[in-house]
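Chemist: got a predicted model here, sequence first, then my questions.
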Amino acid sequence: MMDGHEVTVVDNFFTGRKRNVEHWIGHENFELINHDVVEPLYIEVDQIYHLASPASPPNYMYNPIKTLKTNTIGTLNMLGLAKRVGARLLLASTSEVYGDPEVHPQNEDYWGHVNPIGPRACYDEGKRVAETMCYAYMKQEGVEVRVARIFNTFGPRMHMNDGRVVSNFILQALQGEPLTVYGSGSQTRAFQYVSDLVNGLVALMNSNVSSPVNLGNPEEHTILEFARLIKHLVGSGGEINFLSEAQDDPQRRKPDIRKAKLLLGWEPVVPLEEGLNKTIHYFRKELEYQANNQYIPKPKPARIKKSRMRHS
Ligand SMILES: O=c1ccn([C@@H]2O[C@H](COP(=O)(O)OP(=O)(O)O[C@H]3OC[C@@H](O)[C@H](O)[C@H]3O)[C@@H](O)[C@H]2O)c(=O)[nH]1
C-alpha cells in the first residue's frame, strides 16, 4: 500500500482479527472483505497472496475438514481467480510438507516424511495438495505461481489463543505460569521474525522463481532452550512443566535457505532476541488491553412501549 498498490484483504476471521488491520481502515488503497475462500471470489487483481488457512496446530486440528476444504477448495478457487484475471498467485505453503524430516536441514528437493492419516494430515497433506494444484494450473493453464515453504514464524499481532509455542511461552511467562513443554523439549525448531517473512514473500512474488522456496531463519534451538530464553527475556521465575509429547511432532526442523539467498537475494536479518523482545512487548500490551476491556454485559433497562399519542 505504501508503494501505491491497492490491497484487498480477504478474511473469514476464523483466526484473523479486525483489530490487526483496523489502523488501515479508511486508507484509500485498503479494502477489507469478510469472505471465506471456500466460496468463489470475483474481484480484479494482479497478484494474489494466498495465505488462507489456520496455521497453528490446535487451530487446524480443531476442524480438520474445514482446514482441508480451505487448502483444497480454497486453493482451487484462488487458482481459478488467478486464471480468470491473469494474476500471479503466491501460495503460503509450509515446512510441514517435509513432515517429521529424515533430511536435515531441509532443502526444497526433499519430498518429505508425512503421515497421511495422522492428526496433522489435514494441514500438511492439505498444503502438499495445494502445491500440486499450483503446478497443475501452471502446466495446464499457464497460471504464474510462486510457492513459499514457510518455517516457524512469530511476531506481534499473533492471537493470544494461537496455541503455538512462541505465544504460549510468552503469555505463560508474563502471567507467572509454568511454561508447557510438550515431550522432553529436545525437539528443535528455527524461528523467523514476521517482518523477515513479509520481505521474503514480496521478494518471491516479484521474482521469476516458480519452483518452491524455503523462507525461514536457520538458527536452530531445542524447545527447552527456547523456553529458558523466553523465561530469561521476560524475567519470569516460573518453572517449566513437561507435558506428554504431541503425536507426530516433527523432531528436528531447520530450513536450508541457500536457494532464497541465491535467487532472491533474501535472508533473515532480525536477530531472535530482538524479535522476541518486540513480541513480548506486544503481548504485555495485549494483556493490559484485555484487563481494561473485559466485556461486562450491562443489564438492559426494561423497554416501555410508547403508546401512540392520540390527538383528538
Ligand atoms: O505450549 C507449547 C506449544 C508447542 N510446543 C512444542 O513446540 C514445538 C513447536 O510447536 P508449534 O505448535 O509452535 O509449531 P509446529 O512447529 O509444531 O508447527 C508449525 O510449523 C510451521 C508452520 O507451518 C505452522 O505455523 C505450524 O504448523 C513443537 O515441538 C511443540 O510440541 C511446546 O512444547 N509447548
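Modeler: Looks like it came in fine. Numbering: from 1, shown residues only.

Chemist: burial measure for the closest residue to residue 162 other than its chain neighbours, as a count.
Modeler: Closest residue in space to residue 162, ignoring its immediate chain neighbours: residue 56 at 5.0 Å, by Cβ to Cβ, 6 or more residues apart in numbering. Using the backbone N, CA and C atoms, a C-beta is placed for each residue, glycine as well. Residue 56 has 19 neighbouring residues, counting by other Cβ atoms under 10 Å.

Chemist: measure the nearest residue to residue 107 once chain neighbours are set aside to residue 150 for me?
Modeler: Nearest residue to residue 107 in three dimensions, chain neighbours excluded: residue 256, at 3.9 Å (Cβ to Cβ, 6+ apart). Plainly put, residue 256 is 14 Å away from residue 150 if you go by Cβ to Cβ, to the nearest Å.

Chemist: low-confidence ranges, the chain, go.
Modeler: For the chain, the stretches flagged by pLDDT under 70 are 295-312.

Chemist: which parts of it sit against the ligand?
Modeler: Within the chain, the positions adjacent to the ligand are 55, 57, 94-96, 150, 152, 164-165, 168, 180-182, 187, 189, 223, 246, 249 by Cβ under 6 Å from any ligand atom.

Chemist: return the residues in contact with the residue nearest the centre of the chain.
Modeler: In the chain, the C-alpha nearest the mean C-alpha coordinate belongs to residue 55, at 4.9 Å (Cα atoms, centre = their mean). Taking Cβ atoms under 8 Å, 6 or more residues apart in numbering, we find residue 55 in contact with 15, 94, 123, 164.

Chemist: out of these, who's the most crowded?
Modeler: residue 123 leads these on contacts (other Cβ under 10 Å) with 25 neighbours.

Chemist: could you grab the helix/strand/coil label for it?
Modeler: Classification of residue 123 using DSSP: H, G, I helix; E, B strand; the rest coil returns helix.

Chemist: which residue of residue 256 and residue 150 possesses the greater neighbour count?
Modeler: Between residue 256 and residue 150, counted using other Cβ under 10 Å, residue 150 has the larger neighbour count: 23 against 18.

Chemist: give me the phi and psi angles of the more buried one.
Modeler: Phi and psi for residue 150, reported as degrees, to the nearest 10, are phi -90, psi 130.

Chemist: in strands only, show me the residues of the chain next to the ligand.
Modeler: Counting by DSSP state E, the residues of the chain next to the ligand place 94, 150, 180-182, 189 in strands.

Chemist: ok, the residues you listed vs residue 260, which is closest?
Modeler: residue 150 (11.3 Å; Cβ to Cβ).

Chemist: surely the closest one is in contact with residue 197?
Modeler: Yes: under the criterion of Cβ atoms under 8 Å, residue 150 is in contact with residue 197, at a separation of 6.4 Å.

Chemist: got any residues that touch both of the two?
Modeler: residue 215.

Chemist: relative to residue 160, how far out is residue 289?
Modeler: From residue 289 to residue 160 the distance is 10 Å (Cβ to Cβ).

Chemist: those two: which is more packed in?
Modeler: Between residue 289 and residue 160, counting by other Cβ under 10 Å, residue 160 is the more crowded of the two (15 against 11).
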